[in-house]
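Enquirer: What would the 3D arrangement of this be:
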Amino acid sequence: MLQILASIDTSATYTCGDIGLKFSGMLPYVVSMAITIIKIVVPILLIIFGMMDLAKAVMAQKEDEIKKGQQTFIKRIIAAVIVFFVITIVQMIISFVSNDNDDIGSCFKCFVNGDASACTPDNSGTKMDF
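Expert: Just a heads-up that it's a prediction; the model follows:
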């Protein structure tokens, strides 16, 4: 990963597809990394916080608080699953839809999937070689 980031020319301008979207060399990798972090870290944090709520309720040894802690834990697990799968489902839908349009597909691969081969430098018109 560090080799890829080190080899990116951050002063260059790149495009994806023929739609004319221009961006800095580092932007696709930052966007891709942010999506990956959201997809992994947010569900883990939600589950950890839910476990902490449940542990507090069990430590209090009150039946009402234990039930509330269980409900909170279940809600956080459901939220974690939703966060993970919403991002995954959106990625799948856009991949299916973009099969008809190479411009959308290349921009999607460049930004969301972090696929460097989909990004084209403005100056040479050739694909980036990583």
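
Enquirer: Of all the helices and strands in the protein, which has the lowest average confidence?
Expert: helix 2-7 (a mean of 50; mean pLDDT, DSSP states H and E).

Enquirer: how close does Ile74 sit to Asn113?
Expert: 32 Å (CB to CB, to the nearest Å). Glycine gets a C-beta too; all of them are placed from N, C-alpha and C.

Enquirer: More neighbours: which of these two?
Expert: Asn113 (16 against 12; other CB atoms under 10 Å).

Enquirer: is it true that that one lies in a strand?
Expert: No - going by DSSP: H, G, I helix; E, B strand; the rest coil, the assignment for Asn113 is coil, not a strand.

Enquirer: Pull up the per-residue confidence for the nearest residue to it once chain neighbours are set aside.
Expert: Of all residues not flanking Asn113 in the chain, Ser32 sits nearest, at 6.5 Å (CB to CB, 6 or more residues apart in numbering). You'll see Ser32 listed with a pLDDT of 81.

Enquirer: Quickly note the distance from Ser32 to Ile87.
Expert: In terms of CB to CB, Ser32 sits 12 Å off from Ile87.

Enquirer: Could you do Ile37 as well?
Expert: Taken as CB to CB, the span from Ile37 to Ile87 is 11 Å.

Enquirer: what sits against Thr88?
Expert: Contact partners of Thr88, counting by CB atoms under 8 Å, 6 or more residues apart in numbering, are Lys39.
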